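S.K.: what's the 3D shape of this:
(one chain, ligands or ions: 2)
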Amino acid sequence: MPEEMTGKVGRYYLSWGSGNPPYPIHRARNVLLIEFLTNQGCRVGWGLPSRPSAARAGVTNYGKNCFAFVEGIGSFVSVVSLVIDKELEYDTPALDVNCPEECTLCIDSCPTGALYEPLRMNPHLCIAYNAYATPGSIAIEGPEVLPLELRESMGTWVYGCDVCQQVCPRNQAKLKAELPPNAFLEYMADDFQLEKILNMTDEQFSKVSNLLMMNYISDKRYFRRNAAVSLGNQGSQEAVPALTEAMQDPDELIRGRAAWALGRIGGSQAKRALESNLSRETSEYVIGEIKTALAMS
Ligand code: SF4
Ligand code: SF4
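M.R.: Ligands and ions are numbered 1, 2, ... in the order given. Coordinates of the predicted model:
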């Protein structure tokens, strides 16, 4: 995974097989399987929850972090379930949790406490949910404004979160495998610099979400919002000019998040930017964010 992408976007969403041509590996598999089943006389549909289905089919088992694991491969897998109108021979279900009994690394490492006991996760605290469950989302609706109490814990994640999979011993063989650089990801990497996401253009949004990513966010403003929080958590003074510029954005959501990030980074330059914007800001929401930010800086 190129450096620009690491710790910002969940690996699953960068599995370039999910995108449109020229790299439709994952999509092609679905299409071929559906064609095969249809040719066998099956009607094919969607709608089953994938992880329980895969476990009942004996293809995967569970980890305490709630992910589906394939033995010998780990949890960085993509599970797809189809419904057909034919009865097949049943496989032996694999509903067990195949983790070492004493291991709690995923629970201990979850930055927000979303994962609070084996197989129990509160999605409303999960970074992944809060990053991509947005108003108008293609898959799952969520809040416009990221909860204040979660922002620091979100770290630099812009879309998804891999922490509870990254620490997992069952994934280490794959994560540590020496692989040649992925030319396509390297080609896309430049678009994942946080300042570029903060100033994301329609062209970049279209490139990222059509060419590469399985994307639930329907409006680029939420990528921009998340990037502002990530820049704040990265804490570099180098981000202050870009965030100061974002405080002039016509979208109050971006201005508010940029204010929070400036407060989080702190320092005299960030403070000056906040104070000068406070005097001319008209949005009550942004004024509140600036005051919170000034109290932090
Ligand atoms: S994805 Fe991240 S925030 Fe969500 S449960 Fe796992 S470690 Fe916690
Ligand atoms: S970190 Fe440990 S407990 Fe969590 S899923 Fe991996 S092996 Fe299981």
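S.K.: distance of Ser137 relative to Cys126?
M.R.: 14 Å (Cβ to Cβ, to the nearest Å). Yep, even glycine has a C-beta here, placed from its N, CA and C like the rest.
S.K.: ah, wrong one, I meant Met296
M.R.: Separation of Met296 from Cys126 (Cβ to Cβ) stands at 24 Å.
S.K.: higher neighbour count, these two?
M.R.: The residue with more neighbours, out of Met296 and Cys126, is Cys126; 22 against 17, by other Cβ atoms under 10 Å.
S.K.: average pLDDT for stretch 227-246?
M.R.: The pLDDT scores in stretch 227-246 average 97.
S.K.: could I get the CA-only coordinates of it as PDB?
M.R.: Taking C-alpha atoms only, stretch 227-246 is exported to PDB below (Å, rounded to 0.1, in the frame of the first residue of the first chain):
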ATOM      1  CA  ALA A 227      -9.800  15.200   5.400                       C
ATOM      2  CA  ALA A 228     -10.000  18.400   7.500                       C
ATOM      3  CA  VAL A 229     -10.300  16.300  10.700                       C
ATOM      4  CA  SER A 230      -7.500  14.100   9.600                       C
ATOM      5  CA  LEU A 231      -5.200  17.100   9.000                       C
ATOM      6  CA  GLY A 232      -6.000  18.400  12.400                       C
ATOM      7  CA  ASN A 233      -5.100  15.000  14.000                       C
ATOM      8  CA  GLN A 234      -1.900  14.800  11.900                       C
ATOM      9  CA  GLY A 235      -1.000  18.000  13.700                       C
ATOM     10  CA  SER A 236       1.500  19.500  11.200                       C
ATOM     11  CA  GLN A 237       1.900  23.300  11.100                       C
ATOM     12  CA  GLU A 238       2.400  22.800   7.300                       C
ATOM     13  CA  ALA A 239      -1.400  22.200   7.000                       C
ATOM     14  CA  VAL A 240      -2.300  25.600   8.500                       C
ATOM     15  CA  PRO A 241      -2.300  27.500   5.200                       C
ATOM     16  CA  ALA A 242      -4.600  25.000   3.500                       C
ATOM     17  CA  LEU A 243      -6.900  24.900   6.500                       C
ATOM     18  CA  THR A 244      -6.900  28.700   6.700                       C
ATOM     19  CA  GLU A 245      -7.900  28.800   3.000                       C
ATOM     20  CA  ALA A 246     -10.700  26.200   3.700                       C
END
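S.K.: is ligand 1 contacted by it?
M.R.: No. Residues of stretch 227-246 contacting ligand 1 under Cβ under 6 Å from any ligand atom: none, with a closest distance of 13.8 Å.
S.K.: list the buried residues for that stretch?
M.R.: By neighbour count on 16 or more other Cβ atoms under 10 Å, the buried set for stretch 227-246 is 227-234, 239-240, 242-244, 246.
S.K.: who's in contact with Lys291?
M.R.: Residues in contact with Lys291 (Cβ atoms under 8 Å, 6 or more residues apart in numbering) are Leu278.
S.K.: got the buried residues for the host helix or strand of it?
M.R.: Using DSSP states H and E, the element containing Lys291 is helix 284-296. Buried residues in helix 284-296, counted by 16+ other Cβ under 10 Å: Val286, Ile287, Glu289, Ile290, Thr292, Ala293, Leu294, Met296.
S.K.: what about the chain, any weak spots by pLDDT?
M.R.: Scanning the chain with the threshold set as pLDDT under 70 gives 16-26, 138-139, 211-212.
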